[in-house]
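Undergrad: With the input below, show me the fold.
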Amino acid sequence: MMKILLLGKNGQIGRGLQRALAPLGDVVAFGNQEGDHFQVDLTDEAALRAAVVAAAPSVIVNAAAYTAVDRAESEPELAHSINATAVGVLAAEAAARGVWLVHYSTDYVFDGSGKRPWREDDRPAPLSVYGKTKLAGEEAIRASGCRHLILRTSWVYSACGDNFVRTILRLAAERERLTVVADQVGAPTGADWVADMTAHLLRVVTDDRVAAPGGTYHLAAAGETSWNGYARFVIDEARHRHGLDFRLREIVPILSSAWPAPAMRPLNSRLDTTRVQAEFGFHPPDWRFGVARLLDEIL
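TA: Numbers count the residues shown, from 1 in each chain. Sure, this is the predicted structure:
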């Protein structure tokens, strides 16, 4: 039976992982909120090492990250400490103990150019501090020599807390006209699905009877849409399947340049999942399926 150290239990993916990993073994879950039974400061390298030593895990799953993309532009040291330095500590500890490390990364390691989905072996060229620190975390893992799964995903959502879907539903009740970016394209991906796939991948790579490779994989829902298309789908589903009425009458497409932000976002967030499908034997669901299920849950 595995003993799994989970970091970032209160995040979108972390919440799903507490459920998805439980059948695999004993999960020791660390968070950073008041009242958490286990807490660790990711900016304190000594405390982080001590947490690993105390847990004595056979698998480390790191779902913790600095994810405030715009704020990272003014807090680069803090973002690097959490997304790169702390990850390097976990990787070194995993290597020293001969245990697996699972870590989540992002499409933001790419520059968002082109129209085809990004493959794992495409050259990273992040546009933002957030993307640069996430790439540095990846590089620290690879340099450590530990057995690892780096899972890049994008446009992650869950039913917990604020998210794009809740924001669109709220604004649709308040306004007749919304402007939503139409030139950023990706696949909305459910955090619970990512957690379930993580458990599946871990079952395979930790099975001594299977010669399963580790490395970097793209994990995202199938299909693609823009943020504008995403908003339109949410409103259409809420109206036609759930019978909701909104003040909203128009969702206007705009370019990213009309919505300036401190951090640049990649226009092309498409992720090619061919490799993970071929090596682990599954097919990701269309993004619409997961978003429709989310609406069923929150409405």
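
Undergrad: Confirm Gly16 sits in a helix?
TA: Yes - checked against DSSP: H, G, I helix; E, B strand; the rest coil, Gly16 lies within a helix.

Undergrad: Where does pLDDT dip in the chain?
TA: For the chain, the stretches with pLDDT under 70 are 33-37, 208-212.

Undergrad: Okay, strands next: where are they in it?
TA: With DSSP state E, the ranges of strands along the chain come out as 2-7, 25-30, 59-62, 100-106, 148-153, 156-157, 177-181, 185-186, 189-190, 215-218, 225-226, 250-254.

Undergrad: For the third one, name the packing helices and strands.
TA: I take that to be strand 59-62. For strand 59-62, the elements it packs on are strand 2-7, helix 86-97, strand 100-106, helix 191-205, judged by 3 or more Cβ pairs under 8 Å, 6 or more residues apart in numbering; DSSP states H and E. The way it works is simple: take the backbone N, C-alpha and C, and place the C-beta from them, glycine included.

Undergrad: 10 Å - rerun?
TA: Under the contact criterion of 3 or more Cβ pairs under 10 Å, 6 or more residues apart in numbering; DSSP states H and E, strand 59-62 touches strand 2-7, helix 12-20, strand 25-30, helix 86-97, strand 100-106, strand 148-153, helix 191-205.

Undergrad: Check the fourth one too.
TA: Taking 3+ Cβ pairs under 10 Å, 6+ apart as contact, the helices and strands that strand 100-106 lies on are strand 2-7, helix 12-20, strand 59-62, helix 86-97, helix 129-144, strand 148-153, helix 191-205, strand 215-218.

Undergrad: which neighbours does that strand have in its sheet, and in what orientation?
TA: Counting by DSSP bridges, the strands paired with strand 100-106 are strand 59-62 (parallel), strand 148-153 (parallel).

Undergrad: for those strands, which one sits closest to Ala51?
TA: Closest approach to Ala51 among the strands paired with strand 100-106 is made by strand 59-62 (9.9 Å; Cβ to Cβ).

Undergrad: Of the strands paired with strand 100-106, which is nearest Arg170?
TA: For the strands paired with strand 100-106, proximity to Arg170 was assessed by Cβ to Cβ; strand 148-153 is nearest, at 25.1 Å.

Undergrad: Now do that closest one against helix 191-205: the angle between them, please.
TA: With axes from the mean of the first three to the mean of the last three Cα atoms, to 10 degrees applied, the angle from strand 148-153 to helix 191-205 works out at 150 degrees.

Undergrad: Include mean neighbour count and distance to Ala91 when you put the strands of the chain into a markdown table, please.
TA: Output for the strands of the chain, formatted as a markdown table (neighbours: other Cβ atoms under 10 Å; distance: least, Cβ to Cβ, whole Å):
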| stretch | mean neighbour count | distance to Ala91 |
| --- | --- | --- |
| strand 2-7 | 23 | 13 |
| strand 25-30 | 19 | 17 |
| strand 59-62 | 25 | 9 |
| strand 100-106 | 25 | 6 |
| strand 148-153 | 24 | 7 |
| strand 156-157 | 22 | 22 |
| strand 177-181 | 17 | 35 |
| strand 185-186 | 24 | 27 |
| strand 189-190 | 24 | 24 |
| strand 215-218 | 20 | 13 |
| strand 225-226 | 20 | 34 |
| strand 250-254 | 14 | 41 |
